[in-house]
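Visitor: just coords:
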Ligand SMILES: CCCCCCC/C=C/C(=O)SCCNC(=O)CCNC(=O)[C@H](O)C(C)(C)COP(=O)(O)OP(=O)(O)OC[C@H]1O[C@@H](n2cnc3c(N)ncnc32)[C@H](O)[C@@H]1OP(=O)(O)O
Ligand SMILES: Cc1cc2nc3c(=O)[nH]c(=O)nc-3n(C[C@H](O)[C@H](O)[C@H](O)COP(=O)(O)OP(=O)(O)OC[C@H]3O[C@@H](n4cnc5c(N)ncnc54)[C@H](O)[C@@H]3O)c2cc1C
């Protein structure tokens, strides 16, 4: 059943044909990703307003702008949107609730308006996140209105030149002076220089600064403080503050990532962020319920990254799938017309598992978000923090898995578009460069995998003692009784295959750790000597979580049978794609036999063929506006060749037939060779 849009808009015949027979209700799928029918309606209204606003257009394609122009252009749009969003009655009236607006706004703005980074992103993400999640109620009352109105703009400054991963190694100090009731913020060394925070270079007037808290000579570890960096009105950097931008990056070049140094800068004691830990006037330190609660903003951002990369994958798959339906190349049979490249099974294998991955990521991210909300509720109620290790481990696992899967997936989508995928106008290069840093920021992925492994090893030991297990590792309780082989290849059978593989890997690595310890190696060194295996088991556990969540989400799905059927096929594809990619692991652990792997590979081919006719409709159902795609190859109408040609015409080199550079360099060379 085709949606309304499909019937009225022009598109090339190849896409018309693809859209003519759709076996499911696309709108129902759109509603899933928007979080309900009402949200879809709200998002579309917002899109119409935003995309028809001339103030949000770029004067020239950002690729042809200088570094300064890009920054200025994005800041102009970001400030305009902020003001418009807060004051325009049209936007106020749209409704949908703050949650809906927030998610939709993030996706529309981040991906369509701010094409290569937004100088206010950290303000809206982590600065506001720190105010709302880490400040006491009195502090929120003071800071939130200022931050919401734009009176102050802030960022989150944690990473330093010398340390990003190792928070305990941060060197910036916040020393309490009880005489003046102030903290003295200081950067004692060059490596203490804050380095990387988004919006820090030229945009932010304030920052949440992570610094080592010192009271009367004792170090209480990293804590967050609010520090004013720039003067009101003049925006000049304040005395004792040295701040600037760190220079061009692989991508996200419109966001002024910055550096920052403090020379004994004094701030009031009450600028310490004090929801969880406090320093009283007399210098008494009030401990938090858990030392790790001050890392909460990172956890929230890790959850956000799971959704963020999912949107990026939706964009990349939409572009590559539509292109694959429009592009004709080679011959399937000699002398026959060139087929659409999507007819090649290898091309289907590029796009279809990535479309299925979008669903897998979305459902797992949703479960993670609910765990986050539950933990947050418990923190606010002052009740126990039992779920904190679960949240930490799952958010590390899913952030690391999805940022890697999606970065790799986008690369495959680019390759799937051949040479044209390498053109900036396809937008695949920028989608890639905007996504790959998510493997580094908010916890470098290897480091996060090791955090997951730490949780797994602890849980494994707990299971052997018959102890209590967190939900994501509840399956460990069976570990001594289960045989390794699975006998049925259904989805739940394959999930069980992953469980058994994790347990088998854990058993082996735990044994190796034990052996090293018995040989006299210190535990930390034994851990390091096993860390490649530890990372590997963490990855398999993460894949288990995602497969398990996908199956569970579908079991609860109450929509139409058409959508249910297509999602079942996608789930099956995701399962088999994952298992066949991991078959070495599953074979080694004894969960699968080579014959079973062969059966799964056969089924994979059948699924690709079954899903091939639905490919374009599946990406249409993501309902990404052409402005969100921003791609010559992925637009809804499929008019790829005219768009490619027209975009090339925008190159400044094409303004004149013979450029000045010819007269300066080439002509003298060519003349001298006459
Ligand atoms: C939507 C898109 C937005 C994109 C914007 C992105 C902008 C980017 C911003 C940034 O990058 S901000 C900077 C982010 N930096 C990091 O993420 C640093 C990564 N490092 C860490 O998180 C930690 O240092 C560490 C690697 C987890 C280790 O921390 P630490 O050394 O202090 O811990 P340990 O002493 O080793 O203790 C580990 C102990 O603590 C538990 N734990 C660690 N972190 C957390 C947490 N966040 N929540 C709960 N628990 C935590 C951990 O499980 C261990 O527990 P036990 O095993 O001892 O029980
Ligand atoms: C685009 C972008 C935006 C950012 N925005 C912000 C921001 O707004 N605010 C902010 O504070 N920071 C920000 N960062 C910084 C980011 O959080 C750090 O870069 C990240 O946490 C990694 O730290 P690092 O750079 O020190 O890498 P390192 O920790 O030095 O990593 C280098 C290598 O060492 C390995 N390694 C390190 N420790 C271990 C270990 N214990 N075990 C095994 N291997 C290890 C890593 O796996 C990696 O291969 C941003 C970074 C980027 C790229």
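Guide: Received the coordinates, thanks. Not measured: the values here are computed from a predicted model. Numbering: from 1, shown residues only. Ligands and ions are numbered 1, 2, ... in the order given.
Visitor: a strand runs through residue 559, doesn't it?
Guide: No. Looking at residue 559 with DSSP: H, G, I helix; E, B strand; the rest coil, it is coil, so not inside a strand.
Visitor: Tell me who's in contact with it.
Guide: Residue 559 makes contact with 28, 32, according to CB atoms under 8 Å, 6 or more residues apart in numbering. The way it works is simple: take the backbone N, C-alpha and C, and place the C-beta from them, glycine included.
Visitor: Distance-wise, check residue 258 relative to residue 516.
Guide: Applying CB to CB, to the nearest Å, the value for residue 258 to residue 516 is 43 Å.
Visitor: give me every residue that touches the closest residue to ligand 2 within the stretch 101-250 of the chain.
Guide: Closest to ligand 2 within the stretch 101-250 of the chain is residue 164: 2.2 Å, counting by CB to the nearest ligand atom. Residue 164 sits next to 158, 196, 444 when contact means CB under 8 Å, 6+ apart.
Visitor: Secondary structure element holding it?
Guide: Assessed by DSSP states H and E, residue 164 sits outside every helix and strand.
Visitor: what do you get for the one 10 residues further on?
Guide: If you go by DSSP H and E, residue 174 is part of strand 173-177.
Visitor: Can you name the residues in contact with that strand?
Guide: Contacts of strand 173-177 (CB under 8 Å, 6+ apart): 182-186, 188, 209, 211-216, 223, 225, 266, 269, 272, 279, 283.
Visitor: of those, buried ones?
Guide: 182-186, 209, 211-215, 223, 225, 269, 272, 279 (16 or more other CB atoms under 10 Å).
Visitor: Please list the members of those that lie in strands.
Guide: Judged by DSSP state E, the subset of the buried ones among the contacts of strand 173-177 located in strands is 182-186, 209, 211-215, 223, 225, 279.
Visitor: Those residues also near ligand 2: which ones?
Guide: Among these, not one lies near ligand 2 by CB under 6 Å from any ligand atom.
Visitor: ok, now which ones touch residue 531?
Guide: With CB under 8 Å, 6+ apart, residue 531 has these contacts: 450, 453.
Visitor: backbone phi and psi for it, please?
Guide: With angles defined as degrees, to the nearest 10, residue 531 sits at phi -70, psi -30.
Visitor: ok, it to residue 263 distance?
Guide: 39 Å.
Visitor: swap in residue 395?
Guide: 36 Å.
Visitor: who has more neighbours, those two?
Guide: The residue with more neighbours, out of residue 395 and residue 263, is residue 395; 28 against 12, by other CB atoms under 10 Å.
Visitor: Where does that one sit: helix, strand or coil?
Guide: Going by three-state DSSP: residue 395 is helix.
Visitor: Outside of the helix or strand where residue 132 lies itself, which residues are in contact with it?
Guide: In the assignment (DSSP H and E), residue 132 maps to helix 128-134. For helix 128-134, the surrounding residues in contact (CB under 8 Å, 6+ apart) are 139-140, 143-144, 147-148, 154, 156, 208, 224, 273, 275-276, 294, 296-297, 300-301, 376.
Visitor: just how off-centre is it within its chain?
Guide: A distance of 19 Å separates the centroid of the chain from that of helix 128-134, by CA atoms, centre = their mean, to the nearest Å.
Visitor: tell me the pLDDT at the spatially closest residue to residue 49 that is not a sequence neighbour?
Guide: Computed as CB to CB, 6 or more residues apart in numbering, the closest residue to residue 49 that is not its neighbour in sequence is residue 90, at 6.1 Å. According to the prediction, residue 90 has pLDDT 70.
Visitor: Please apply the same query to residue 93.
Guide: Model confidence at residue 93 (pLDDT) stands at 67.
Visitor: Please look at residue 368 and residue 401 and confirm they touch.
Guide: No. Contact criterion CB atoms under 8 Å: residue 368 and residue 401 do not qualify, at 11.2 Å.
Visitor: and the residue of the stretch 101-250 of the chain closest to ligand 2, backbone torsions?
Guide: phi -120, psi -60.
Visitor: The stretch 551-674 of the chain: helices as residue ranges?
Guide: In the stretch 551-674 of the chain, helices defined by DSSP state H, counting those that start in this stretch lie at 561-581, 583-588, 594-611, 615-620, 626-629, 640-648, 660-661, 667-672, listed in chain order.
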